[in-house]
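[1] Any chance you could fold what I've pasted below:
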Amino acid sequence: MESRVSSKDNILIVCSSEDKIDSSKSIIENLRDAIGAEGNLFVEKVSQLTKDKLQPSSFHKIFYGYIDVTPSVKQLNDAVLDQLIKLVRPKGQLFIKKSQEEDCQTASLLLNIKFSGFVNINERFDEITCEKPDYEVGSAVSIKSGQVQDSKAIWQLAADNLLDDDELIDDNALLTESDLKKPDPESLKVCGTTGKRKACANCSCGLADELAKEEVQAIKSNSQNAKSSCGSCYLGDAFRCASCPYLGMPAFKPGEKVTIDLFDCTIKARTGFTTNLMNLLRAETRTKPITPKEMERIIQINLKNEIKYKSNARRKRLKQPTETQLSQVSN
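    Predicted coordinates:
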């Protein structure tokens, strides 16, 4: 211990009880001789550190457990370590004596010492040494901010650069006649140029419309050679599917091409309805071609006329007296 102190040092020795102070008077006297008359030596129990009013940052070195017969670090809790770092000066040292039986507690003790604020922590065989940083606990340092550039000066610098006499190149002068020529739309097509012809999702070159027209033409050409999948369409409606295109048409011979002429067809129905329907169809087709919607409209009109005709005929029959009524009147 005497080799670690110098003259004019303020030394603090921390022990566990007063009994250890009486038994270690020789160690204390040797330390007094080492620090000289200008130095100060204090001995305190660990339990009195937080109670005694010692001057903060007044000790150059603090020794813990060196005058104990069996030094123990169990009493070095967070409160004691916080008090020790307050008592030691900046760049001052703390020496801790430990027994060999307490090696298992060294890891947690080193962590607590570091959390208390000590630095340069070194562990030896039977002691731990650490140092207080070169600043006080709770001290503050002002941080100098960088120089703020004047925004006006920056804009002025940019304006000066624009007003230079440097020659500027005209963009239009760089264009040639080939650049101004309108390109051929066929040369702009990108879709389907590599491999199979396939339009892009956002095709704008016209390939999507061209492929759609080709698909319609293919459907028309295939529909002319369409064949029945069931082979029973020619037998009549009783043998046809619900989606059969021949549904409603009369039976025909296998392989025969079915055509319906509106003017030559014969509808087996009442005379009034048939005559009116044929007359209306002839009148409509004289001026313009008839469409399926117009055909449906004509049929609906004739159905209404037929119903009206039937109701009028029924009224006439009711108004005419029967033979029974006539016999009753004559009697």
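[2] how about low-confidence regions in the chain?
    Across the chain, the ranges flagged by pLDDT under 70 are 17-23, 69-71, 100-105, 146-167, 186-195, 219-229, 245, 257-296, 299, 302-331.
[3] Please repeat the previous calculation with a cut-off of 90.
    Where the chain drops to pLDDT under 90, the residues are 1-58, 60, 62-83, 86, 96-113, 115-117, 123-128, 134-331.
[4] Strands of the chain, start to end?
    For the chain, the strands defined by DSSP state E occupy 10-15, 40-45, 59-64, 88-97, 119-123, 127-131.
[5] The second one pairs with which strands, and in what direction?
    When you say that, I think you mean strand 40-45. In the sheet, strand 40-45 lines up against strand 10-15 (parallel) (DSSP bridges).
[6] relative to strand 88-97, how tilted is the strand it pairs with?
    Compare the direction of strand 10-15 with that of strand 88-97 by axes from the mean of the first three to the mean of the last three C-alpha atoms, to 10 degrees and you get 40 degrees.
[7] Put together JSON lines for the strands of the chain, with mean neighbour count and distance to G255 on each row.
    From N, CA and C alone the C-beta is placed, and that goes for glycine too. Formatted as JSON lines, those follow (neighbours: other C-beta atoms under 10 Å; distance: least, C-beta to C-beta, whole Å):
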{"stretch": "strand 10-15", "mean neighbour count": "23", "distance to G255": "121"}
{"stretch": "strand 40-45", "mean neighbour count": "16", "distance to G255": "125"}
{"stretch": "strand 59-64", "mean neighbour count": "23", "distance to G255": "118"}
{"stretch": "strand 88-97", "mean neighbour count": "19", "distance to G255": "115"}
{"stretch": "strand 119-123", "mean neighbour count": "13", "distance to G255": "107"}
{"stretch": "strand 127-131", "mean neighbour count": "19", "distance to G255": "111"}
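[8] Could you say which one of those strands comes nearest to R197?
    strand 119-123 (76.9 Å; C-beta to C-beta).
[9] can you list contacts of that closest one?
    Defining contact as C-beta atoms under 8 Å, 6 or more residues apart in numbering, one finds that strand 119-123 is touched by 106, 110, 113-114, 128-133.
[10] a markdown table for those residues, including distance to G236?
    Below are those laid out as a markdown table (distance: C-beta to C-beta, whole Å):
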| residue | distance to G236 |
| --- | --- |
| T106 | 106 |
| L110 | 104 |
| I113 | 107 |
| K114 | 102 |
| I128 | 111 |
| T129 | 114 |
| C130 | 111 |
| E131 | 113 |
| K132 | 113 |
| P133 | 109 |
